[in-house]
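Peer 1: mind looking at a prediction? Sequence and model below.
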Amino acid sequence: MLVLEAEGFAHHSSRTDRVRDCRRYTELTVWGWAILRFSWEDVMLHPERVRWAIHAWLERRAGRPVPPPPPA
């Protein structure tokens, strides 16, 4: 159970938006979901970081070593 989330500034423009997002994150975690959050910049400009994170999560879940992240 994995959630991928792309974070941008457009949906966190108010305190209410931030509270709602934090509650959703907490509820998903309580129910056993893993959540990988990515910045808009990484999704659009550095997709290799997104691919690495997903691959690393799958490797760790399978009990295999996690590969090193790509250079920043």
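Peer 2: Great, that's in hand. Numbers count the residues shown, from 1 in each chain.

Peer 1: alpha carbons only for contacts and neighbour counts from here, please
Peer 2: OK.

Peer 1: ranges for the helices of the protein?
Peer 2: Using DSSP state H, the helices of the chain run over 15-30, 40-45, 47-61.

Peer 1: Serialize those to TSV and add fields for distance to residue 5.
Peer 2: Below are the helices of the chain laid out as TSV (distance: least, CA to CA, whole Å):
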stretch	distance to residue 5
helix 15-30	10
helix 40-45	9
helix 47-61	10
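
Peer 1: out of those helices, which is the most enclosed?
Peer 2: Mean neighbours per residue, mean count of other CA atoms under 10 Å, is largest over the helices of the chain for helix 47-61, with a mean of 15.

Peer 1: would you reformat the helices of the chain as CSV and include distance to residue 69 and mean pLDDT?
Peer 2: Listed next are the helices of the chain as CSV, based on distance: least, CA to CA, whole Å; pLDDT from 0 to 100:
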stretch, distance to residue 69, mean pLDDT
helix 15-30, 24, 92
helix 40-45, 13, 94
helix 47-61, 6, 97
